[in-house]
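What follows is a protein structure lacking sequence information:
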């Protein structure tokens with residue numbers, strides 16, 4: 001294990017998994033930058049109030065689903081992400097949060113977090129794909145109902 005992993009932290013991998021090649025307890029572990037990125041993934045996908053013993057943990061970006069993408073929404077999402085990181089990820093300093101909507105994928109908003117790891121002073125980024133619109137492949141039948149596979 002590199003020296004960097006020792007002071008950046010080590011924890012359970014996300015999603016949790018178990019296996020014979022894992023640590024002595026059978027839990028797959030994550031360390032270093034991987035652990036930080038997995039921590040950011042957990043932080044940004046957890047809704048406020050979702051954890052009973054830590055109701056303030058998380059980031060309410062999901063309340064913005066179906067909102068029109070404009071400067072107000074972009075500023076709100078940036079603030080939510082930066083605030084969540086400041087409170088719950090002490091290993092990094094958020095430098096910049098940007099929101100970009102790729103033209104080839106309508107309904108997708110890429111939240112890019114540029115951050116500095118405090119202990120190593122190294123810069124990295126993390127991209128969180130946030131979907132503004134529901135993405136299903138359900139068809140609509142001519143009668144106004146959902147298209148159903150006749151094989152069922």
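Yes, it's here. Computed from a predicted structure; not experimentally measured.

quick one: low-confidence ranges for this structure?
Applying pLDDT under 70 to the chain flags residues 1-17, 20-25, 132-152.

mind checking the SS state of residue 47?
Following DSSP: H, G, I helix; E, B strand; the rest coil, the label given to residue 47 is coil.

wait, I meant residue 126
On the basis of three-state DSSP, residue 126 is classed as strand.

Give me the neighbour count for residue 35.
Using other CB atoms under 10 Å, residue 35 has 20 neighbouring residues. C-betas here are computed from N, CA, C, even on glycine.

Please report the distance of it from residue 99.
25 Å (CB to CB, to the nearest Å).

Just give me the neighbour total for residue 72.
With other CB under 10 Å as criterion, residue 72 counts 10.

what ranges do the strands span in the protein?
10-12, 29-31, 92-100, 108-117, 122-131 (DSSP state E).

among these, which is nearest residue 56?
Closest to residue 56 of the strands of the chain, according to CB to CB: strand 92-100, at 17.7 Å.

Mind listing the strands that closest one pairs with, and their directions?
When pairing is defined by DSSP bridges, strand 92-100 lines up against strand 108-117 (antiparallel).

any idea of the angle the strand it pairs with forms with strand 122-131?
Strand 108-117 and strand 122-131 meet at an angle of 160 degrees, taking axes from the mean of the first three to the mean of the last three CA atoms, to 10 degrees as the criterion.

isn't residue 99 right next to residue 108, touching?
No - assessed by CB atoms under 8 Å, residue 99 is found out of contact with residue 108, at 10.8 Å.

Looking at these two, which is more packed in?
A count of neighbours by other CB under 10 Å puts residue 99 above the other of residue 99 and residue 108, at 19 against 15.

for the more buried one, what are its contacts?
69, 74, 77-78, 109-112 (CB atoms under 8 Å, 6 or more residues apart in numbering).
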